[in-house]
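Visitor: attaching a predicted model along with its sequence, questions to come.
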Amino acid sequence: MPAKTGQGPGSATLTRRAIRSPGQAGAARPAADGAQPAPPPALVAPAGGFDRLWQAWRARATGGLSPVSLSLAWLDWVAHLADLPGRQAELAVHAWRNAARLAAYAAPVTWPEAGACEPRPEDPRFSHPGWQQWPFSVAVQAFLLTEQWWEHATTGVPGVSQHHERVVSFMARQLLDSVSPTNLPWLNPEVLAASAAQRGANLVRGAQLLGEDWRRRLSGAGPVGTEAFTPGRSVAVTPGKVVYRNHLIELIQYQPATETVCAEPVLIVPAWIMKYYILDLSPHNSLVKYLVEHGHTVFMISWRNPGAEDRDLGMEDYRQLGPAAALDAVTAIVPGQRVHTVGYCLGGTMLAIQAAAMARDGDERLASMTLFAAETDFTEPGELGLFIDESQVAYLQNLMWDQGYLDSSQMAGAFEMLRPYELIWSRAVREYLLGERQLPNDLMAWNADGTRLPYRMHSEYLDRLFLHNALFEGRYQAGGRPVSLSDIRVPVFIVATTRDHVAPWRSVYKLNLVADTELTFLLTSGGHNAGIVSEPGHPRRSYQVATRPAGAPYADPGTWAAQTPVREGSWWPAWQGWLVQHSGSRQPARPAGAADRGYPPLGDAPGTYVLQH
């Protein structure tokens, strides 16, 4: 929908003339002079063409996965394994021993024996007591032994590239997980018991739930129950005003909850891959509400949900119209004060780029920088890297070229594959075999409220950051010139999570390698989202935190983890206390906006962009 452009000092306005066309962006990539990497080939190739249309159609059929990438990984593995007769013999012996072990276990006169294959500690699939009973225990052993054999077969084959080995091992796990005994109603004791007790009514309900889910999916509606979590009604309800708007963002300033506030405001830059309100969920777990109630003036960027007409918005557009424009607005509304900036996930990466550009240009408006689960080095992106290589990126570019963006449903499939039991199979068993509908909580509903990523921006993000690691290596350009993370001199606070499949904590930790400023690193329990939404009182939460002064020697992540004590509870108070320590005196709270400086309130929070679908 058309957006009203904000007015005020330094406000960023967008016209289609400022959005570069594919043929205008970038330049050839020099080898070593620090220039910006060239745009991906798909951005400079002539529009149209049967090959691109064909690949775009194939990408839709495969969920965005490149068959060529998967085939290359499989060929690399099988070709090297075929040239290792000793390893083949070893695998054959391993298979024979597993078969003998299973036969001994299955014999009623000998089972259960010591030495049974145990599931991994993090695997809860076989925790139901029924799985300990014969013959279900035999099915479990057959599955676990097969899983063990394939892990041995797909790893440690000499000559196979590390990336291909991880892809083959990952796909083998995916195929095995799909035929797990838990997913088969005739082998699952919990399903069989429920079917006997309910005379099959659970399966009838499950079929009805499956039909309902398919109807909602085809109609474009969200999962059942998500309608109970509408922004502005039950989530994203912290009072505030939209004080600035351009084509890409709305800037929300939240209503103060204390008579006095810390002098320096807080600006949060969330990821634009999802809606901002993960940081303002329900009142009990809203980070925004927590900060406001502890005397902080909080601003939040709410990103627009782009459509096909925004296909040519690039990373530089997101920087200029996002954090750069928001900082202009914040410093005009709260004049004379530096700003504490916070970036989450992809928003944190963009904030690091903005902070480096400001340091390069002598702009001293930042008071600090906090990164939540945000990578600046992309050489170890965790399991998400399984879907990122030259072939895969080219495949995605053609898909996005055809439709103008990457849809949230196309991204969701990749993220679900990273945690198949939690996000796919356990839900399918619970709902479609046991007939028990699991209604979403606020975090699950937010996760289903995705956004689209413009063709140019996502292509540049994958090519420059994931494939070529231009930011960490000092080759990423902002404002036409390279930026260096080592130029950042403001205090930095980094939050990482122990079970992050998107930004593994050891990868997030790598900013320590190039940071020449005071850096506080905090590692908290939980995953990429749940570890950040970790309000005080949340059960089973703990964290480690330590500060490295500017100029102090580097400690590797293993040493850091071993030497840093574990603290129980939420990490929010520790970070909020750090903000207070790096803030000045308190001053009387003021209402939102500054009409006299060109930033009048434009409407109530959560604004209009968050409601776009």
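Guide: Cool, the structure landed.
Visitor: CA atoms for contacts and neighbours, from now on please.
Guide: Fine.
Visitor: where is the longest helix in the chain?
Guide: Counting residues, the longest helix found in the chain (DSSP state H) is helix 85-106.
Visitor: and that one, how far from the chain's centre?
Guide: Helix 85-106 has its C-alpha centroid displaced from the chain centroid by 40 Å (Cα atoms, centre = their mean, to the nearest Å).
Visitor: what is that helix packed up against?
Guide: Judged by 3 or more Cα pairs under 8 Å, 6 or more residues apart in numbering; DSSP states H and E, helix 85-106 is in contact with helix 67-82, helix 136-154.
Visitor: now do the shortest one and helix 85-106, the angle between them.
Guide: If you take axes from the mean of the first three to the mean of the last three Cα atoms, to 10 degrees, helix 67-82 sits at 90 degrees to helix 85-106.
Visitor: buried stuff in helix 67-82?
Guide: Neighbour-count burial for helix 67-82, counted by 16 or more other Cα atoms under 10 Å, picks out 69-70, 73-74, 76-77, 81.
Visitor: that one to helix 136-154, inter-axis angle?
Guide: Using the same axes, to 10 degrees: helix 67-82 against helix 136-154 is 90 degrees.
Visitor: off-centre distance for helix 67-82?
Guide: Its chain's C-alpha centre lies 28 Å from the corresponding centre of helix 67-82 when counted by Cα atoms, centre = their mean.
Visitor: how about it as PDB, C-alpha atoms only?
Guide: Output in PDB follows, covering the C-alpha atoms of helix 67-82 (Å, rounded to 0.1, in the frame of the first residue of the first chain):
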ATOM      1  CA  PRO A  67      18.300 -30.500  -7.500                       C
ATOM      2  CA  VAL A  68      21.700 -29.800  -9.000                       C
ATOM      3  CA  SER A  69      23.100 -28.800  -5.600                       C
ATOM      4  CA  LEU A  70      21.800 -32.000  -4.000                       C
ATOM      5  CA  SER A  71      23.000 -34.100  -6.900                       C
ATOM      6  CA  LEU A  72      26.500 -32.700  -6.800                       C
ATOM      7  CA  ALA A  73      26.700 -33.500  -3.100                       C
ATOM      8  CA  TRP A  74      25.500 -37.000  -3.600                       C
ATOM      9  CA  LEU A  75      27.800 -37.600  -6.500                       C
ATOM     10  CA  ASP A  76      30.800 -36.300  -4.500                       C
ATOM     11  CA  TRP A  77      30.000 -38.700  -1.700                       C
ATOM     12  CA  VAL A  78      29.200 -41.800  -3.800                       C
ATOM     13  CA  ALA A  79      32.100 -41.400  -6.100                       C
ATOM     14  CA  HIS A  80      34.600 -41.100  -3.300                       C
ATOM     15  CA  LEU A  81      33.000 -44.000  -1.400                       C
ATOM     16  CA  ALA A  82      33.000 -46.200  -4.600                       C
END
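Visitor: so which elements touch that helix?
Guide: Using 3+ Cα pairs under 8 Å, 6+ apart, helix 67-82 is in contact with helix 85-106, helix 162-178, helix 390-403.
Visitor: what does the second one rub up against?
Guide: Translated: helix 162-178. By Cα atoms under 8 Å, 6 or more residues apart in numbering, the residues outside helix 162-178 that reach it are 70, 72-74, 76-77, 147, 150-151, 154-155, 386, 417, 420-421, 425.
Visitor: and what of stretch 586-596?
Guide: 240-241, 243, 253-256, 258-263, 297, 332-333, 599-601.
Visitor: separate out the buried members of the residues you listed.
Guide: Buried by 16+ other Cα under 10 Å: 240-241, 243, 253-256, 260-263, 297, 332-333, 599-601, out of the contacts of stretch 586-596.
Visitor: which of those residues fall within helices?
Guide: Among these, the members found in helices (DSSP H) are 332-333.
Visitor: before we move on, back to that, pLDDT averaged over the longest helix of the chain - what is it?
Guide: Averaging pLDDT along helix 85-106 yields 91.
Visitor: tell me the buried residues in that helix?
Guide: By neighbour count on 16+ other Cα under 10 Å, the buried set for helix 85-106 is 91, 94-95, 98, 101-102, 105-106.
Visitor: closest one to Gly382 out of these, please.
Guide: Leu91 (27.9 Å; Cα to Cα).
Visitor: tell me, how many residues neighbour the residue nearest to that closest one when sequence neighbours are not counted?
Guide: Distances taken as Cα to Cα, 6 or more residues apart in numbering put Ala153 closest to Leu91, at 6.8 Å, once the chain neighbours are dropped. Residues lying near Ala153 (other Cα atoms under 10 Å) number 20.
Visitor: where's Ala153 relative to Ala95, distance?
Guide: Ala153 is 10 Å from Ala95, where distance means Cα to Cα, to the nearest Å.
Visitor: Three-state assignment for Arg437, please.
Guide: coil (DSSP: H, G, I helix; E, B strand; the rest coil).
Visitor: ok, it touching Ala428?
Guide: No - judged on Cα atoms under 8 Å, Arg437 makes no contact with Ala428 at a distance of 9.9 Å.
Visitor: from Val168, how far out is the residue nearest to Leu91?
Guide: Noted for Ala153: a distance of 10 Å to Val168, by Cα to Cα.
Visitor: ok, back up a step: verify the stated contact: the residue nearest to Leu91 with Glu90.
Guide: No - Ala153 lies out of contact with Glu90 (Cα under 8 Å); the separation is 9.5 Å.
Visitor: what's the pLDDT at the residue nearest to Ile249 when sequence neighbours are not counted?
Guide: Spatial nearest neighbour of Ile249, chain neighbours left out: Trp303 (4.6 Å); criterion: Cα to Cα, 6+ apart. Trp303 carries a pLDDT value of 97.
Visitor: can you pull the contacts of Trp303?
Guide: Trp303 touches 248-250, 272, 275-276, 609-610, counting by Cα under 8 Å, 6+ apart.
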